[in-house]
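A.B. asks: Here is my input; please provide its structure:
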Amino acid sequence: QMRLVESGGGLVQAGGSLLLSCVASGRTFSIHDIAWYRQFPGKEREFVATISRTGDSTTYADSVKGRFTISRDNAKSMVYLQMNNLKHEATATYSCSAYDPVDDFNSWGQGTQVIVSS
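C.D. replies: Numbering: from 1, shown residues only. Sure, this is the predicted structure:
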């Protein structure tokens, strides 16, 4: 089992920034690809960003490119999502997800809510 706990969400004005964190426990963190997803009220969850196990490869949704940055610290079993120049439409619950392709293991956190006031 792997437990993921997100933090850092909250209320921010449009144009502001937030740093989301996700701490993992239970499995070897460094063997997992990590992704951030978000879910808007009443809608399907959507992909935001992902980072490879070593941190040398990242991918972003077009809607956040240039404004969001994903990073990880394997020594601390942490992954981060720096969100800059936030827009009202970024209001959502943000969750981190860990995936190990070797055994097709997948785990999700409970999420942290981000509210961007316009």
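
A.B. asks: hey, where'd the strands end up in this structure?
C.D. replies: Ranges of strands within the chain are 3-7, 10-13, 18-25, 33-39, 45-51, 58-60, 68-73, 78-83, 92-100, 105-108, 112-117, based on DSSP state E.

A.B. asks: List phi and psi for Lys87.
C.D. replies: In terms of degrees, to the nearest 10, the main-chain angles of Lys87 are phi -110, psi 160.

A.B. asks: Can you name every helix or strand that the lowest-mean-pLDDT helix or strand in the chain contacts?
C.D. replies: Least confident helix or strand of the chain, by mean pLDDT, DSSP states H and E, is strand 105-108 with a mean of 94. Under the contact criterion of 3 or more Cβ pairs under 8 Å, 6 or more residues apart in numbering; DSSP states H and E, strand 105-108 touches strand 3-7, strand 92-100. For every residue, glycine as well, the C-beta is placed using N, CA and C.

A.B. asks: Need the contact partners of the first one.
C.D. replies: Just to be clear, that refers to strand 3-7. 20-26, 94-98, 107-112 (Cβ atoms under 8 Å, 6 or more residues apart in numbering).

A.B. asks: For ChimeraX, what selects the buried ones among those?
C.D. replies: To isolate in ChimeraX the members of the contacts of strand 3-7 that are buried, counting by 16 or more other Cβ atoms under 10 Å, one can use:
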select :20,21,22,23,24,94,95,96,97,98,107,108,109,111,112
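
A.B. asks: average model confidence for stretch 20-31?
C.D. replies: Mean pLDDT, stretch 20-31: 94.

A.B. asks: Kindly check the end-to-end length of that stretch for me.
C.D. replies: Terminal residues of stretch 20-31 lie 21 Å apart, using Cα to Cα, to the nearest Å.

A.B. asks: Spatially central residue in this protein, please.
C.D. replies: Trp36 (2.8 Å; Cα atoms, centre = their mean).

A.B. asks: returning to what we had before: can you flag the weakest of the strands of the chain by average pLDDT?
C.D. replies: The bottom spot among the strands of the chain, by mean pLDDT, belongs to strand 105-108, with a mean of 94.
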